[in-house]
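Engineer: Got a sequence here, can you model it:
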Amino acid sequence: MSSNTKAQLLQSILDPSKTVEPRYRNYIVIDKDGRIFDGLIVAETGGAITLRSGETEDQAVLRSRILPRAALRQGVWLMSFSRFVA
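Structural biologist: Okay, the predicted model is just below:
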């Protein structure tokens, strides 16, 4: 039996992305050349981050080339699901 209340369960159904853990968030990174990368951050070092999108091979982007990044509120699973529903 779950410890979730009925209200928590309803909230999870209506807004499933409200409590997406950071490791499951999709990130968008734009480099100084204007190229756009997106995906899960699968590795981070002092010099680079590596993103995995599922559509291409992992992409390492040098930190010195990155403009500010942002995490999307939706989890990757919801974004993938929405492609089939739209």
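Engineer: From here on, just use CA atoms for contacts and neighbour counts.
Structural biologist: OK.
Engineer: Which parts of this structure are helices?
Structural biologist: Counting by DSSP state H, residue ranges of the helices within the chain are 6-14, 76-85.
Engineer: ok, of the ones you listed, where does mean pLDDT dip lowest?
Structural biologist: Among those, helix 76-85 carries the lowest mean pLDDT, a mean of 46.
Engineer: show me where pLDDT drops low in the protein?
Structural biologist: For the chain, the stretches with pLDDT under 70 are 1-3, 17, 69-86.
Engineer: again, only this time at 90
Structural biologist: Across the chain, the ranges flagged by pLDDT under 90 are 1-30, 36-40, 53-57, 66-86.
Engineer: Please report the residue range of the longest strand in it.
Structural biologist: Longest strand of the chain, by residue count under DSSP state E: strand 36-44.
Engineer: That strand pairs with which strands, and in what direction?
Structural biologist: strand 25-30 (antiparallel), strand 48-52 (antiparallel) (DSSP bridges).
Engineer: Show me which positions of stretch 38-54 end up buried.
Structural biologist: 38-41, 48-53 (16 or more other C-alpha atoms under 10 Å).
Engineer: how close does the residue nearest in space to the middle of the chain get to residue 35?
Structural biologist: Nearest to the mean C-alpha position of the chain, by C-alpha atoms, centre = their mean, lies residue 26 at 1.1 Å. Distance of residue 26 to residue 35, given as C-alpha to C-alpha, to the nearest Å: 16 Å.
Engineer: just residue 12 next, same as before
Structural biologist: Per C-alpha to C-alpha, residue 12 is found 35 Å from residue 35.
Engineer: neighbour count winner among those two?
Structural biologist: residue 12 (14 against 9; other C-alpha atoms under 10 Å).
Engineer: residue contacts, the more buried one?
Structural biologist: For residue 12, the contact set (C-alpha atoms under 8 Å, 6 or more residues apart in numbering) comprises residue 18.
Engineer: Would you mind measuring from it to residue 64?
Structural biologist: Counting by C-alpha to C-alpha, the gap from residue 12 to residue 64 is 38 Å.
Engineer: Ok, residue 29 next?
Structural biologist: Distance of residue 29 to residue 64, computed by C-alpha to C-alpha: 12 Å.
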